[in-house]
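> Output the structure for:
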Amino acid sequence: MYKLNDKRAVKIFFETMSHENIMKEYAHTLEGSKLNINAVGCCGLVRSKGRIGIERELINGVRVEDEMANGTASPSFFGMKMAEELKLIHSRTANKNIYPDAKNFYLDCAEKCVHDKWLDNNESVKIKKFIEALPVGNSLIYGDYHSNNVLWENNKIRLIDIADALSGHAIYDLLVAALYMHFFMTNPESSLPSTPEKRERRIACWAQLVNTYFELDELKAEDNARAERIIEILDACSLLKLTLAPYSFSNLSQRGKELCVALGKKTFMPVIEKYTGVVTENILDLGKA
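Prediction:
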């Protein structure tokens, strides 16, 4: 990434990046800049010394993760702002000709995991049944939404990279956020680098994100009980991405894939049938009795 001037930067791709993947990221970035969300603006394609790049808006923001650590505002404040932005994202209808279908993406990940022996046939059947039971949708799905992957600039959330965006139901964004902001922070077997302070901040941010997104009042006992149920369901759903890590994540080392799949299978397979079909078509009904 290179700064061109005070308003623009350019992302130059390595020669090893396929032309297909570059054009996919360009299409995602260009479309995202048209959706009236806080995504980075796209200015066009460029070439430099035989390499292709995407000219884009320069964002002078700081990761929400770092803003929380700096004490700029409370984790609850950032959780509220992240929830508001996420609801804005999900209010946008995704162009399915540009953004792949999330359900098909995860089914494909499962199929590849079976083919490459990460999963056995019995595990595959259960996982595919779980995915098929998730509701369909046509919302824009950011794909990698969590406090370490969005920026804070001029008192608003900024989306720095929309390359992993999908189309589908809101659950696919919420399960990713739950994985990074709650499951990894509360599971002692997680190998994600962290500190007690970071875990505390992320958990507090996540709790407020859930309250704001699902329009819950933390002063009401019934809403607190429902928030706990929602967090429980989202933690379970997050294990889908973890278990399919060799293909649901990008740029994982072989050891990272092995650790994620082992932890995913250990935590997901014993409860997968319990949580199959519990996600509601209207995401705001999640966790209701």
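> Pull the contacting residues for Leu58.
3-9 (CB atoms under 8 Å, 6 or more residues apart in numbering). Where you see a C-beta, it was placed from the backbone N, CA and C, and this is true even at glycine.
> Restrict the residues you listed to the buried ones and give me that as a PyMOL selection.
Buried residues among those (16 or more other CB atoms under 10 Å), as a PyMOL selection:
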select buried, resi 9
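> Just the pLDDT at Pro193, thanks.
For Pro193, the pLDDT comes out at 75.
> Please confirm that it is located within a strand.
No - Pro193 sits outside any strand when classified using DSSP: H, G, I helix; E, B strand; the rest coil, being coil.
> that older thread, now render the contacts of Leu58 as a markdown table, adding pLDDT, secondary structure and distance to Ser191.
Below are those laid out as a markdown table (pLDDT from 0 to 100; DSSP: H, G, I helix; E, B strand; the rest coil; distance: CB to CB, whole Å):
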| residue | pLDDT | secondary structure | distance to Ser191 |
| --- | --- | --- | --- |
| Lys3 | 91 | strand | 34 |
| Leu4 | 91 | coil | 38 |
| Asn5 | 92 | coil | 41 |
| Asp6 | 91 | coil | 40 |
| Lys7 | 92 | coil | 40 |
| Arg8 | 94 | strand | 38 |
| Ala9 | 93 | strand | 33 |
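> which residues of this protein score low on pLDDT?
Applying pLDDT under 70 to the chain picks out no residues at all.
> what about the longest helix in it?
helix 221-243 (DSSP state H).
> helices and strands around that one, which ones?
Packing contacts for helix 221-243, counted by 3 or more CB pairs under 8 Å, 6 or more residues apart in numbering; DSSP states H and E, involve helix 102-115, helix 121-133, helix 171-178, helix 196-213, helix 254-268, helix 272-275.
> Identify each buried residue in it, please.
223, 226-227, 230-243.
> now it, how far from the centre of its chain.
Offset of helix 221-243 from its chain centre (CA atoms, centre = their mean, to the nearest Å): 15 Å.
> counting contacts, what elements does the very next helix or strand once past that helix pack onto?
Sequence-wise, the next helix or strand downstream of helix 221-243 (DSSP states H and E) is helix 245-248. With contacts taken as 3+ CB pairs under 8 Å, 6+ apart, helix 245-248 sits against helix 102-115, helix 254-268.
> With mean neighbour count and distance to Asn282 as extra columns, can I get those helices in a markdown table?
What follows is the helices and strands packed on helix 245-248, written out as a markdown table (neighbours: other CB atoms under 10 Å; distance: least, CB to CB, whole Å):
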| stretch | mean neighbour count | distance to Asn282 |
| --- | --- | --- |
| helix 102-115 | 19 | 17 |
| helix 254-268 | 17 | 25 |
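> Go through these and name the closest to Val62.
helix 254-268 (26.4 Å; CB to CB).
> residues making contact with that closest one?
113, 118-119, 123, 127, 187, 189-191, 236, 239-240, 242-246, 249, 252.
> Using CSV, write out every CA atom in it.
C-alpha atoms of helix 254-268 as CSV (Å, rounded to 0.1, in the frame of the first residue of the first chain):
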residue,chain,number,x,y,z
GLN,A,254,-0.4,-25.4,8.0
ARG,A,255,-0.1,-25.5,11.8
GLY,A,256,-2.8,-22.8,12.1
LYS,A,257,-5.1,-24.9,10.0
GLU,A,258,-4.4,-28.0,12.2
LEU,A,259,-5.0,-26.1,15.4
CYS,A,260,-8.3,-24.5,14.2
VAL,A,261,-9.7,-27.7,12.8
ALA,A,262,-8.8,-29.6,16.0
LEU,A,263,-10.4,-27.0,18.3
GLY,A,264,-13.4,-26.6,16.0
LYS,A,265,-14.2,-30.3,15.8
LYS,A,266,-13.7,-30.7,19.6
THR,A,267,-16.1,-27.9,20.4
PHE,A,268,-18.5,-28.0,17.4
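> what about the closest residue to Asn38 other than its chain neighbours, distance to Tyr180?
Setting aside the residues directly before and after it, Asn38 is nearest to Arg158 in space (CB to CB, 6 or more residues apart in numbering), at 5.2 Å. The gap separating Arg158 from Tyr180 is 18 Å, by CB to CB, to the nearest Å.
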